[in-house]
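K.L.:
Model the structure of this input:
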Amino acid sequence: MPNGKAAGERCVQLSDANLCLIFGSPDRPAVCSDFDASEDVCGHSNEEALWLITQLEAQTSH
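P.N.:
Now for the predicted structure:
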């Protein structure tokens, strides 16, 4: 996504299993490589992570 993506927009590089298709590639954006997963953002499951990130986006988009 050369121009980035909007909050709430699914990354085109995610597989159906929500895995990064360009993980470890030099094409992977710095924002992704620099992301340090933590429990308060990622929770303990895919579902919890999506809920937490959705809440953070809603709280910071205004």
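
K.L.:
List the residue ranges of this structure that fall below the pLDDT cut-off.
P.N.:
For the chain, no stretch is flagged by pLDDT under 70.

K.L.:
give me phi/psi at Cys20?
P.N.:
When quoted as degrees, to the nearest 10, the phi and psi of Cys20 stand at phi -70, psi 120.

K.L.:
Once you drop chain neighbours, what's closest to it?
P.N.:
Of all residues not flanking Cys20 in the chain, Gln13 sits nearest, at 5.8 Å (Cβ to Cβ, 6 or more residues apart in numbering). Placement of C-beta: from N, CA and C, glycine included.

K.L.:
quick one: contacts of the helix or strand hosting Ala49?
P.N.:
Assigned by DSSP states H and E, Ala49 falls within helix 46-60. Applying Cβ atoms under 8 Å, 6 or more residues apart in numbering, the contact partners of helix 46-60 are Ala7, Gly8, Asn18, Asp40, Val41, Cys42, Gly43.

K.L.:
List the buried residues of it.
P.N.:
For helix 46-60, the neighbour count (16 or more other Cβ atoms under 10 Å) marks Ala49 as buried.

K.L.:
just how off-centre is that helix within its chain?
P.N.:
How far helix 46-60 lies from its chain's middle: 10 Å, per Cα atoms, centre = their mean, to the nearest Å.

K.L.:
what does stretch 5-13 give?
P.N.:
Counting by Cα atoms, centre = their mean, stretch 5-13 comes out at 8 Å from the chain centroid.

K.L.:
Good, wrapping up.
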